[in-house]
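In: Turn this into a structure:
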Amino acid sequence: MNKTKDIAASPLCFVSPYPQLAKAAEALVAQLDYAVTIHQTTLNRILDELPLLESRGHQVLISRGGCAEILKKYSKLPVVEIKMSGYDILDALIPFKGQKRHCRYCRFFQCDQRMRARSGTVKY
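Out: So this is what the prediction gives:
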């Protein structure tokens, strides 16, 4: 799923390591007045695909997590990283507080230590 609203190279390229994130980005891009290319890949393929991304005429790459870290390290293009904070995670988990089911989350590379300090609602 590598889509753009315009067949010409768009200045922005959203690089998604997950199909679900690419679909969410596609829904958002459909509401915009300008073209954004959505490139769906995996962490295992991103380095092999990077020369292609850089040759398409994009001016900026946008990604998150481990994919953004790889792009920042190896790409010649500027990379905008979409960050997720501990507050974002808490906002997603708070509605489930008090339920009898367990909920776990995993982050790429490391856990957000600040979230532990800010919340007594999450068990580790």
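In: show me where pLDDT drops low in this protein?
Out: 1-8, 85-86, 103-124 (pLDDT under 70).
In: Show me the beta-bridge partners of the residue minimising distance to the centre of it.
Out: Closest to where the C-alpha atoms of the chain average out (C-alpha atoms, centre = their mean) is Arg64, at 3.1 Å. Beta-bridge pairing for Arg64 (DSSP bridges): Ile82.
In: Can you tell me the closest non-neighbouring residue to Glu49?
Out: Spatial nearest neighbour of Glu49, chain neighbours left out: Thr41 (5.5 Å); criterion: C-beta to C-beta, 6 or more residues apart in numbering. Just so you know, the C-beta spots here come from the backbone N, C-alpha and C atoms, and that holds for glycine as well.
In: Check the gap between the one you found and Ala22 for me.
Out: For Thr41, the distance to Ala22 (C-beta to C-beta, to the nearest Å) stands at 9 Å.
In: re earlier: tell me, how many residues neighbour the residue nearest to Glu49?
Out: 21 (other C-beta atoms under 10 Å).
In: Let me know whether it touches Pro17 as I believe.
Out: Yes: counting by C-beta atoms under 8 Å, Pro17 is a contact partner of Thr41 at 6.3 Å.
In: intersection of neighbour lists for those two?
Out: Residues within reach of Thr41 and of Pro17 at once, by C-beta atoms under 8 Å, 6 or more residues apart in numbering, are Cys67.
In: residues touching the residue nearest to the centre of the chain, list them.
Out: 17, 21, 81-84.
In: Can you give the domain ranges for the protein?
Out: Split into domains by automatic domain parsing, the chain comes to 2-82, 86-118.
In: Of those domains, which stretch is the most buried?
Out: Burial of the domains of the chain is given as mean neighbour count (mean count of other C-beta atoms under 10 Å); domain 2-82 ranks first at a mean of 16.
In: His39 touches Phe14, doesn't it?
Out: Yes: contact criterion C-beta under 8 Å: His39 and Phe14 qualify, at 7.0 Å.
In: related to what we said a few turns ago, now the residue nearest to Glu49: how far from Leu90?
Out: From Thr41 to Leu90 the distance is 29 Å (C-beta to C-beta).
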